[in-house]
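> How does the following fold in three dimensions:
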Amino acid sequence: MNKLFLPIVVLAICFTSCKQEQNPFEIGKQHIGLLNDSTQVKDLKTIFNNDSITNFDSGKAFSNNINTIDVFDKNGNKLLVLSPKKLGDSTSVITSVQVIDSRYKTHKDISTLSTFKDINNAYKITRINNLINSIVVSVNEINASFTIDKKELPANLRFDRNLTIEAIHIPDHAKIKYFFINWRQ
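Have a look, this model is predicted:
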């Protein structure tokens, strides 16, 4: 019995010591750091215990007239803007995350400091939507939407909303204005 017990203990120690810590700034298809697509509003205080969360009251979840929750680091820098599925419900899950801080990166090193060329080289562009003042570049591989201001486009592409914009029309150096991860349930 002792001969079997020792190898089991050694294997258990190896498995627990090899456990990898989650990078708090890593963006994946279903997570951003410790935040994931099934995180409830009531869990935010635990996940962001070293950070500051605005528009959140653990007794009331958050005010009914505010539909986002801002997360700031201890230095007052905005990190993320979270959108819950239902207002006023502490058990509601987060459905959309706007990434503000450039420390948040995908496993292919895409962040808020990236350009269109970086996105296009790293991921397959799924769709490009032409809006009034911006275009939205969607990447289904990571559930992401990258908003680029139309000021980054050539002048002949800025004003016609009916124009179909293709990836070849967007300059490589076009900067990201906003960056969202969407978890629509």
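
> got any ranges where this protein has weak pLDDT?
1-20, 55-66, 185 (pLDDT under 70).

> ok, and residue 119, which helix or strand is that part of?
Here residue 119 sits within helix 116-122, counting by DSSP states H and E.

> Quick check: buried residues in that helix?
116, 118-120, 122 (16 or more other Cβ atoms under 10 Å). (Each C-beta comes from the backbone N, C-alpha and C, glycine too.)

> could these go into JSON lines alongside distance to residue 152?
Putting those into JSON lines (distance: Cβ to Cβ, whole Å) gives the following:
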{"residue": "116", "distance to residue 152": "8"}
{"residue": "118", "distance to residue 152": "14"}
{"residue": "119", "distance to residue 152": "13"}
{"residue": "120", "distance to residue 152": "14"}
{"residue": "122", "distance to residue 152": "18"}
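
> re earlier: what packs against the helix holding residue 119?
strand 134-139, strand 144-149 (3 or more Cβ pairs under 8 Å, 6 or more residues apart in numbering; DSSP states H and E).

> Could you list the residues in contact with it?
Residues outside helix 116-122 that contact it (Cβ atoms under 8 Å, 6 or more residues apart in numbering) are 106, 108-110, 125, 137, 139, 146, 148, 152, 167, 170-174, 176.

> From the chain's centre, how far out is the helix or strand just after that helix? Work that out for me.
Sequence-wise, the next helix or strand beyond helix 116-122 is strand 127-130, with elements assigned using DSSP H and E. Put simply, strand 127-130 sits 19 Å off its chain's centre (Cα atoms, centre = their mean, to the nearest Å).

> List the strands paired with strand 127-130, with their directions.
Next to strand 127-130 in the sheet, as set by DSSP bridges, lie strand 134-139 (antiparallel).

> now what about the partner strand, what contacts it?
Applying Cβ under 8 Å, 6+ apart, the external contacts of strand 134-139 come out as 116, 119, 123-129, 144-150, 153, 165, 170, 177.

> Can you check what angle separates it from strand 144-149?
160 degrees (axes from the mean of the first three to the mean of the last three Cα atoms, to 10 degrees).

> residue ranges of the strands in the protein, please?
Along the chain, the stretches classed as strands by DSSP state E are 26-27, 31-32, 35-36, 52-53, 69-72, 78-84, 94-99, 105-106, 127-130, 134-139, 144-149, 178-182.
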